[in-house]
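**Q** after the sequence you'll find the predicted model.
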Amino acid sequence: MGWLEFAVALILFMGSHRIPAMAGLKDRLEGALGRRGYVIVFSVISTALLFWVIFAAGRAPYVGLWDQAGWHRWFVNVVMPLVVALAAFGTSAVNPFAFEGRAEGFDPQQPGIAGVTRQPLLWALALWSGAHLLANGDLAHVILFGLFLGFSVLGMTIVERRRKAAMGRAEWDAATVRTGLFPFAALIAGRWRPLGGPNLVRLVLCVLAWAMIWYLHQPVIGVSPTP
């Protein structure tokens, strides 16, 4: 039953994330629920399925592939604040390049979160899954986090290609001049500089979310995040 539950939960979670890539279905859902309603409903369902698949992986039979080293948890703890920040500042932000963003009000000269990366949520998923893949060397979790990592990397390629095709080459080039796909690439290359501080509401939500994840990891997931 352990492997069957894990397989069903994983299939449903992955299947639910096909919705944003299916433009026709997404448009119909947004028309029925409104943009904000769609984001809320999708987020709730996605979060519930994520917790289910994580718990199901923990209940699957243990098959060890590699042992956890002491520095693995340190690595996860270093990466997680960036993961939470990308998710907090990327979700529903002004960003026409990402499925979780919105196009209204985008200024190519002041691209906001797109100056950090055009795909903040997918990078958050990639960093989260990659760090946890390193720290969890049993078969079920390798499948889980390996698929998440592959899904997020492949998703970036698909979303970028579709957005570029929809905009056209000239509009894409003009809109992305101060952005980058890889986190902080535009900043390092000197194409973008933040003109102000972060949104205080999102910053507070980011800190609270990180603290809640760290504090609840032991009682909810059953594993202490402490190195």
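**A** Structure's in. What do you need?
**Q** in the protein, which helix or strand is least confident?
**A** The weakest-scoring helix or strand in the chain, judged by mean pLDDT, DSSP states H and E, is helix 23-33 (a mean of 74).
**Q** what's the local residue count around A211?
**A** 11 (other C-beta atoms under 10 Å). (C-beta placed from N, C-alpha, C; glycine too.)
**Q** gap between it and V204?
**A** Here the criterion is C-beta to C-beta, to the nearest Å. By it, A211 lies 11 Å from V204.
**Q** and what of A87?
**A** Distance check for A87 against V204: by C-beta to C-beta, it reads 14 Å.
**Q** comparing these two, which residue is more hemmed in?
**A** Neighbour count, other C-beta under 10 Å: between A87 and V204, A87 has more, with 20 against 12.
**Q** pretty sure the more buried one sits against P120.
**A** Yes: contact criterion C-beta atoms under 8 Å: A87 and P120 qualify, at 7.1 Å.
**Q** quick check: neighbours shared by these two?
**A** Residues touching both A87 and P120 by C-beta atoms under 8 Å, 6 or more residues apart in numbering: none at all.
**Q** shouldn't G222 be in contact with G58?
**A** Yes: between G222 and G58 there is a contact under C-beta under 8 Å: 6.6 Å.
**Q** okay, the two: which has more neighbours?
**A** Higher neighbour count among G222 and G58: G58, with 18 against 9, using other C-beta under 10 Å.
**Q** from memory the more buried one sits against V220, does it?
**A** No: taking contacts as C-beta under 8 Å, G58 lies outside contact range of V220: 11.0 Å.
**Q** packing partners of the strand or helix carrying F42?
**A** Assigned by DSSP states H and E, F42 belongs to helix 35-59. Contact here means 3 or more C-beta pairs under 8 Å, 6 or more residues apart in numbering; DSSP states H and E; on that basis helix 35-59 packs against helix 2-16, helix 23-33, helix 139-167.
**Q** buried residues in it, which are they?
**A** 38-39, 42, 49-50, 52-54, 56-58 (16 or more other C-beta atoms under 10 Å).
**Q** same question for stretch 3-18.
**A** 5-6, 9-10, 13, 17.
**Q** try stretch 100-119
**A** Buried residues in stretch 100-119 (16+ other C-beta under 10 Å): 100-101, 106, 111-119.
**Q** now, those that are in strands?
**A** Judged by DSSP state E, strands contain none of those.
**Q** can you list which of those residues are found in helices?
**A** Among those, the members falling in helices (DSSP state H) are 113-116.
**Q** where does the prediction get shaky in this structure?
**A** Scanning the chain for pLDDT under 70 picks out the ranges 1, 19-24.
**Q** same thing but at 80, please
**A** Residue ranges of the chain with pLDDT under 80: 1, 16-31, 35-36, 38-39, 43.
**Q** what's the neighbour count on A60?
**A** Neighbour tally, A60, other C-beta under 10 Å: 20.
**Q** that one touches V142, doesn't it?
**A** No: counting by C-beta under 8 Å, A60 does not reach V142; the two are 11.0 Å apart.
**Q** let me see the contact set for the nearest residue to R35 once chain neighbours are set aside.
**A** Once flanking residues are discounted, R35 sits nearest to R102: 7.3 Å by C-beta to C-beta, 6 or more residues apart in numbering. Each residue near R102 by C-beta under 8 Å, 6+ apart is listed here: 35, 92-96.
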